[in-house]
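**Student:** Take this sequence and fold it.
(chains A and B)
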Amino acid sequence: MKNVVMALAAVAGLAATGAQAQNYPTRPITMIVPFAAGGPTDVIARIVGDHMSRTLGQQIVVENVAGAGGTTGITRAAQSQPDGYTIMMGHMGTHGAAPALYPNLKYDPAKDFAPIGVAAGTPIVIVAKKDFPANDLKGFLEYLKTNGDKVNMAHAGVGSVSHSTGIFFNSVVKVKPTMVAYRGTGPALNDLMGNTVDFMTDQIVNVAPQIQGNNIKAFAIATPERSPVLPNVPTTKEAGLDGYEVSAWNAVFAPKGTPPDVVKKLNDALVKSLEDENTKKRLLDLGGVLPSATERTPEGLQKLVESEVARWTPVLKAAGATAE
Amino acid sequence: MGDFFSNLSLGFGVALSLQNLGLAFLGCLVGTLIGVLPGVGPIATIAMLLPITFGLDPTGALIMLAGIYYGAQYGGSTTAILVNIPGEATSVVTALDGHQMARQGRAGVALGIAAIGSFFAGTVATLVIAALGAPLTKLALVFGPTEYFSLMVMGLVFAVVLARGSILRAVAMILVGVLLSTVGTDLETGEERMTFGLPFLADGIDFAVLAMGIFGIAEIMRNLDHTEHRDVVRQAIGRLLPNKDDFRQSYKPVIRGTLIGSILGILPGNGAVLGPFASYTLEKKLAKDPRRFGRGAIEGVAGPESANNAGAQTSFIPLLTLGIPPNAVMALMVGAMTIHGIIPGPQVMTKNPTLFWGMIASMWVGNLMLLVINLPLVGMWVRLLKVPYRLMFPAILMFCCIGIYSINSLPTDVMFIGLFGFVGYVLIKFGFEPAPLLLGFVLGKLMEENLRRALIISRGSLETFIERPISAGLLAVATILLVIALLPSIRKGRDEVFTE
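**Tutor:** Numbering: from 1, shown residues only, chains lettered A, B, ... in the order given. You can find the predicted model right below:
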């Protein structure tokens, strides 16, 4: 249904191709979210997109194209017309971990896009089942080192944020727990709460309610500062673990070749939405972290993508993790 | 008990406000209309309509989205009965006898009993959620991979019993279904299996694509090659609503279906899909004349439809009490709540009591709305069947193509329904049943993943399935069921008993 409407909109748009980029946007903009509706990236896209629509004066329609760890949707978006009417919400996985996970990836995160800016990051929290025989990160790490592969680590499937960040955790701490895959965060959390698996690393928005409800315990949050959503959870650094700071950032991209003034308009709208009190509050309530001034610029995002690809590729390759 | 009533009255206070009543009605109406389109299930509908709820308060928005969910669920059954296209795994069973009833001119009765059974199931399920929601949550947590695997084994035994023809053919179809479910990316290793390097197979075969092809498109092809069948549906329409006799036959299946559906709905990882299958199996086993099943037995619609709706309702329990979505639709509801600034979790009940109890009360209101919307519509749907088939089938085909394209926006999906349609047609011609194949497909994936998960956690020890009491119990029931199913054929030395 939605696609029919959009197909009609596209036909109507073709007639208006002559219109100048100065008038942009003259029709609704499609934002491709490469994950199923309802997940953290989708929620952030809809919150930010809602305010951007108001600035741009045209509706931003979210289209969910899920599959293959988000790379299906990003591939499609990368190949669409670079006219600013198709943009996308990429994230740590699609624009950081994907080149290592998918050897046949059809796009290059650093070369095939016109970056717009970072929308929000969701920090990673190290969580364990309620009965886990350790009460702080130090005890947890000791337990992991002595019990090795007796411990079960859950993740939400190869290519998911919890998978990549989990492998990263294991390589930093130098442990090899047994990995148990789930189809999505929900079932993984269910078994963590049911004491079937021992621990996992996942985005704050997924785990915070269960930590607050005392269904699971949190050892540390992988950011430089504590989160107001979980004020009692120490940062990894405070808890004595160096080198594990990671956040699942979400950022807006357009296809390569999008005119610079269109990129500027989109960037202005994004920055404006992040300054809006209501949008800000909604993102912070999720446990989200707002991007720094540099990360809000296209150049800053470009740098972030390059550094993330450089960070994830060796870690994931060393763990032998591929999705193909 | 006092709490129970004060909570419910708080809930109804919220749900019965003029705005929320209107939203529940709107949601149910939109859901029903869109659900009737083949292929467009609740997920696509809710995702599409999510933005228009931005302007509403969270409770109103969720009431409307929940209405869309029940509406679409119900609309899917209408398509299953009228044109034999199950849009959801849960309406596969409804298609079996429901469509046969339609062919016999009893479409109105089938739709009517589906609506009434659903309403009863919805009412009971609402009470179950209100009274036992919190304690039942524990059930979801006890079910780990081991238990889940054993439950799936039991489900596959249902599939054997479900079959109308020979057991051997049914087992063959189940295995084909399981095999099809293994196409796609391996969950544990990330390797692609049986995808032939085709990118659109990397995430496996979509259930809607398979079901629509093998049921819907195959049905069209079969109708086109049998001139006489074309007119069957057009014969005298008969009564629009069930009469006393129909009710007498249906009320027990409705009650049993409601019970089964309510329990299975709570389980994580899509336990609700088993509900209708389990109910159908039970009714067929209890029936004095099991041969009526598959030929338009009203119990075969009443039971599974009630189980379906009860399960749809109780699958809200893990979402409301824990914030953990048991299936894709509920995952979408989590997103909707989050966007509206309510992070689902164990605190929702205490932090947002009006939302929590308002939603529960609105479930009952929504079910009432569905009844109000659907009973008058029965006449209209049935009249649709009078449209000459030469005009009907291109319309059905077109809606199938649009519907399937709208799910993933993949042109290959549209081609696939054609392919599966052809396969389904050939299977029917050779006397193979598509229903066991679909059940094998749905359960196969869950079964494989949970088996591997359970074995990884037990470090390869198979004893884990017998050591854990719930798992052992489920396996025992499965064995007993299988023996009962196979016994007649063992005794007689051949399986003609099961062949009609």
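**Student:** For the closest residue to chain A within the stretch 201-350 of chain B, give its distance to residue A:124.
**Tutor:** Closest to chain A within the stretch 201-350 of chain B is residue B:345: 2.2 Å, counting by Cβ to the nearest Cβ. C-beta here means a position set from N, CA and C on the backbone, and glycine is covered the same way. Going from residue B:345 to residue A:124 by Cβ to Cβ, to the nearest Å gives 18 Å.
**Student:** so which helix or strand takes in the residue lying closest to the residue of the stretch 201-350 of chain B closest to chain A once chain neighbours are set aside?
**Tutor:** In this structure, residue B:345 finds its nearest non-sequential neighbour in residue A:209, 2.2 Å apart by Cβ to Cβ, 6 or more residues apart in numbering or on different chains. Here residue A:209 sits within helix A:204-212, counting by DSSP states H and E.
**Student:** Quick one: distance of that helix to the chain centre.
**Tutor:** Distance of helix A:204-212 from the chain centroid (Cα atoms, centre = their mean, to the nearest Å) equals 16 Å.
**Student:** Stretch A:92-105 too?
**Tutor:** Computed by Cα atoms, centre = their mean, the chain-centroid distance of stretch A:92-105 equals 13 Å.
**Student:** again, but for stretch A:136-145
**Tutor:** Average the C-alpha atoms of stretch A:136-145, do the same for its chain, and the two points are 27 Å apart (Cα atoms, centre = their mean).
**Student:** For chain B, what is the nearest residue in the stretch 151-300 of chain A?
**Tutor:** Closest point on the stretch 151-300 of chain A to chain B, by Cβ to the nearest Cβ, is residue A:209, at 2.2 Å.
**Student:** Contacts only, for that residue.
**Tutor:** Applying Cβ atoms under 8 Å, 6 or more residues apart in numbering or on different chains, one finds that residue A:209 lies in contact with B:323, B:343-347.
**Student:** same check, this time on residue B:217
**Tutor:** Taking Cβ under 8 Å, 6+ apart, one finds B:397, B:400, B:417-418, B:420-422, B:424-425 in contact with residue B:217.
**Student:** out of those residues, who has the most neighbours?
**Tutor:** By neighbour count, taken as other Cβ atoms under 10 Å in any protein chain shown, the most surrounded of the contacts of residue B:217 turns out to be residue B:417 (29 neighbours).
**Student:** rewinding a little: and which of the contacts of residue B:217 is nearest residue B:296?
**Tutor:** residue B:424 (20.5 Å; Cβ to Cβ).
**Student:** In this structure the closest one contacts residue B:215, no?
**Tutor:** Yes: contact criterion Cβ atoms under 8 Å: residue B:424 and residue B:215 qualify, at 6.8 Å.
**Student:** and for the two, which residues touch both?
**Tutor:** When contacts are counted by Cβ under 8 Å, 6+ apart, residue B:424 and residue B:215 are jointly contacted by residue B:434.
**Student:** returning to that earlier point: more neighbours: residue B:345 and residue A:124, which one.
**Tutor:** Neighbour tally, residue B:345 and residue A:124, criterion other Cβ under 10 Å: the higher count belongs to residue A:124, 29 against 22.
**Student:** SS state for the more buried one?
**Tutor:** strand (DSSP: H, G, I helix; E, B strand; the rest coil).
**Student:** which stretch of helix or strand covers residue A:180?
**Tutor:** Residue A:180 belongs to strand A:178-181 when elements are defined using DSSP H and E.
**Student:** Can you report how many residues lie near the closest residue to chain A within the stretch 101-250 of chain B?
**Tutor:** Among the residues of the stretch 101-250 of chain B, residue B:190 lies nearest to chain A; the distance is 3.4 Å by Cβ to the nearest Cβ. Using other Cβ under 10 Å, residue B:190 is surrounded by 20 other residues.
**Student:** could you pull out the helices for the stretch 101-250 of chain B?
**Tutor:** Taking DSSP state H, counting those that start in this stretch as the test, the helices found in the stretch 101-250 of chain B are B:107-142, B:145-162, B:167-181, B:207-211, B:218-225, B:227-232, B:244-266.
**Student:** list the buried ones in the longest one?
**Tutor:** In other words, helix B:107-142. B:107-126, B:128-130, B:132-133, B:136-137, B:139-141 (16 or more other Cβ atoms under 10 Å in any protein chain shown).
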